[in-house]
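In: Show me how the following folds:
(one chain, ligands or ions: 1)
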Amino acid sequence: MTEGFAADFGDFDGRVWLNCAHQGPLPTVAADEAREAVVWKTSPHELTTERFSAVPQRLREALGALLGVPADDVILGNSASYGMHLLANGLPLEAGDEVLLMQGDFPSNLLPWTGLEARGVGVRFLEPRDRMLQPDEVAQGIGPATRVLCLSWVHSFSGRVAQIEAIGRICRERGVRFVVNGSQAVGARPIDLSRSPVDALLGVGFKWLCGPYGTGYCWIRPELRETLRYNQRYWLSMQTADDLKGGSGKLEADRDVGARRYDVFGTANFFNFKTWAASIEYLLRQGIDRIAEHDRALVDRFVDGLDAAGYRSLAPRDPADRSTLVFFTNRDPQRNAEVYEHLRARGVDVAQRAGSLRAAPHLYNTPAQIDRALKALASL
Ligand SMILES: Cc1ncc(COP(=O)(O)O)c(C=O)c1O
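Out: Next up, the predicted model:
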């Protein structure tokens with residue numbers, strides 16, 4: 001019998017899914033809501049105006065509670081890239097201004113900014129000493145033209161955690177905007193944006209937030225959001241379908257609708273957003289602190305068992321510095337592809353990244369599953 005959080009998810013066909021850094025599974029309550037959304041669309045009279053407008057509002061409220069910000073400040077997206085493009089294209093950056101990025105960061109954090117070079121905005125890559133930029137490296141790296149630093153909270157290719165509080169304070173002192181990609185962290189680590197020195201946070205919904213693919217969010221500190229120069233005037237953020245009844249063609253484009261103005265188009269996207277809202281509400285009911293504690297115990301159990309199984313952990317020695325992305329390698333790194341296949345054949349799914357292996361457990365995994373993965377590793 002499954003216990004704890006695991007009982008709220010499917011049975012994974014008996015496999016051990018240690019790849020949440022790639023895709024997080026839907027909890028059962030969210031899968032039920034997805035089925036309900038299919039019923040709405042199968043019988044469109046079910047798609048009432050109330051349901052149509054409740055879908056984005058419910059999601060916005062769940063995300064606001066998750067991030068510690070008012071719901072009205074949350075921008076609904078379909079990816080991390082959506083929010084990143086909004087910032088890269090909308091922030092008032094001029095020729096001669098500079099954006100700092102980390103060498104080797106996830107491409108979603110790099111490409112939208114390098115696209116600005118054509119208009120004279122400089123992009124400079126900082127090479128981290130050890131896979132993730134430390135506060136002193138950021139302090140040293142900031143130059144007179146630096147306007148923005150963009151960084152992952154948890155690095156997809158090493159699992160290293162950015163010290164966002166310390167880095168954010170440095171950025172603030174130096175007048176640099178700090179943009180954080182929380183895709184590999186939010187849902188597995190608590191955050192309170194009302195207290196953090198972060199200027200913008202964005203991420204995907206389909207990993208640690210256990211939502212469908214094609215979901216994402218973006219929060220931009222309201223005073224920064226107001227400086228965006230970005231022509232986005234989506235009619236459904238300004239009015240409702242009911243406003244069309246009179247056929248007056250009334251344009252309410254100048255109404256201040258807050259962050260909603262920048263929502264991705266199609267916010268009543270009930271298949272994805274209704275389902276995702278249910279996932280986030282589920283995570284909130286469990287408590288992100290409790291989930292983080294559970295995840296940490298799984299990570300430590302896995303790291304502690306690697307040596308005996310004949311492998312080398314690449315995770316930080318101090319458990320407090322670890323994330324839920326655990327990189328590890330066979331003593332002979334050339335054998336990592338073989339290890340991956342060996343695990344897969346034994347019903348254990350990890351990922352191959354940057355020449356190493358990556359195990360990424362989340363709340364639905366159990367200590368017994370970690371032991372099964374270690375046993376499978378040892379049996380090669
Ligand atoms: C840090 C990070 N950002 C973004 C993504 C992908 O998101 P998108 O396709 O929305 O940019 C991933 C992984 O897929 C990731 O690890």
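
In: rest of the way, CA atoms for contacts and neighbours
Out: Noted.

In: how about the residues of the protein that lie near the ligand?
Out: Residues of the chain lying close to the ligand (Cα under 6 Å from any ligand atom) are 79, 80, 81, 106, 108, 152, 156, 181, 183, 184, 204.

In: ok, 5 Å please
Out: Contacts of the chain with the ligand, taken as Cα under 5 Å from any ligand atom, map to 79, 80, 81, 108, 156, 183.

In: any chance you could map the helices in the stretch 251-380 of the chain?
Out: All helices of the stretch 251-380 of the chain, identified by DSSP state H, counting those that start in this stretch, fall at 270-286, 288-309, 336-345, 367-378.

In: Please identify the most buried of those.
Out: Among the helices of the stretch 251-380 of the chain, ranked by average contacts under mean count of other Cα atoms under 10 Å, first place goes to helix 270-286 (a mean of 23).

In: Run the angle between that helix and helix 288-309 for me.
Out: Going by axes from the mean of the first three to the mean of the last three Cα atoms, to 10 degrees, helix 270-286 is angled at 90 degrees with respect to helix 288-309.

In: which residues are contacting helix 270-286?
Out: Residues outside helix 270-286 that contact it (Cα atoms under 8 Å, 6 or more residues apart in numbering) are 26-27, 29-31, 33-34, 37-38, 52, 55-56, 58-59, 62-63, 66, 187, 205, 209-215, 267, 291.

In: if I pick residue 289, what's in contact with it?
Out: Residue 289 is in contact with 189, 190, counting by Cα under 8 Å, 6+ apart.

In: go again using 10 Å as the cut-off
Out: Contacts for residue 289 were tallied using Cα atoms under 10 Å, 6 or more residues apart in numbering; they are 187, 188, 189, 190, 191, 295.

In: Check residue 116 too.
Out: So residue 116 contacts 88, 89, 93, 94, 95, 98, 99, 122, 123 (Cα under 10 Å, 6+ apart).

In: can we see that at 8 Å?
Out: 88, 89, 122.

In: Can you give me the pLDDT of the second one?
Out: Read it as residue 89. Reading off the confidence values, residue 89 has pLDDT 97.

In: Could you tell me the backbone phi and psi angles at it?
Out: The phi/psi pair for residue 89 (degrees, to the nearest 10) reads phi -80, psi -20.

In: Identify the bridge partners of the residue of the stretch 201-350 of the chain found nearest the ligand.
Out: Proximity of the stretch 201-350 of the chain to the ligand (Cα to the nearest ligand atom) peaks at residue 204, 5.6 Å away. Taking DSSP bridges as the rule, residue 204 bridges to residue 216.

In: can you count the residues close to it?
Out: Number of residues near residue 204 (other Cα atoms under 10 Å) recorded here: 28.

In: can I assume it is in contact with residue 82?
Out: No. Applying Cα atoms under 8 Å as the test, residue 204 and residue 82 come out as separate, 9.4 Å apart.

In: Enumerate the positions of the worst-scoring helix or strand of the chain on mean pLDDT that are buried.
Out: Least confident helix or strand of the chain, by mean pLDDT, DSSP states H and E, is helix 235-238 with a mean of 84. By 16 or more other Cα atoms under 10 Å, the buried positions in helix 235-238 come out as 236, 237, 238.

In: which residues sit in contact with residue 25?
Out: 9, 206, 207, 210, 211.

In: Surely residue 25 is in a helix?
Out: No. Assignment of residue 25 by DSSP: H, G, I helix; E, B strand; the rest coil gives coil, placing it outside any helix.

In: Now do it against the ligand, distance only.
Out: The spacing between residue 25 and the ligand, counted by Cα to the nearest ligand atom, to the nearest Å, is 14 Å.

In: Report pLDDT for that residue.
Out: Looking at residue 25, the pLDDT reads 98.

In: do residue 253 as well
Out: 66.

In: three-state assignment of the residue nearest the centre of the chain?
Out: Nearest residue to the geometric centre of the chain (Cα atoms, centre = their mean): residue 183, 1.8 Å. Secondary structure, three-state DSSP: residue 183 is coil.

In: Could you grab the helix/strand/coil label for residue 151?
Out: Under three-state DSSP, residue 151 comes out as strand.

In: Can you pull the poorly scored residue ranges out of the stretch 251-380 of the chain?
Out: Residue ranges of the stretch 251-380 of the chain with pLDDT under 70: 251-254.

In: With neighbour count and distance to residue 221 as extra columns, can I get the contacts of residue 116 in a markdown table?
Out: Compiled in a markdown table, these are given as follows (neighbours: other Cα atoms under 10 Å; distance: Cα to Cα, whole Å):
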| residue | neighbour count | distance to residue 221 |
| --- | --- | --- |
| 88 | 21 | 15 |
| 89 | 18 | 16 |
| 122 | 20 | 23 |
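
In: Thanks a lot, catch you later.
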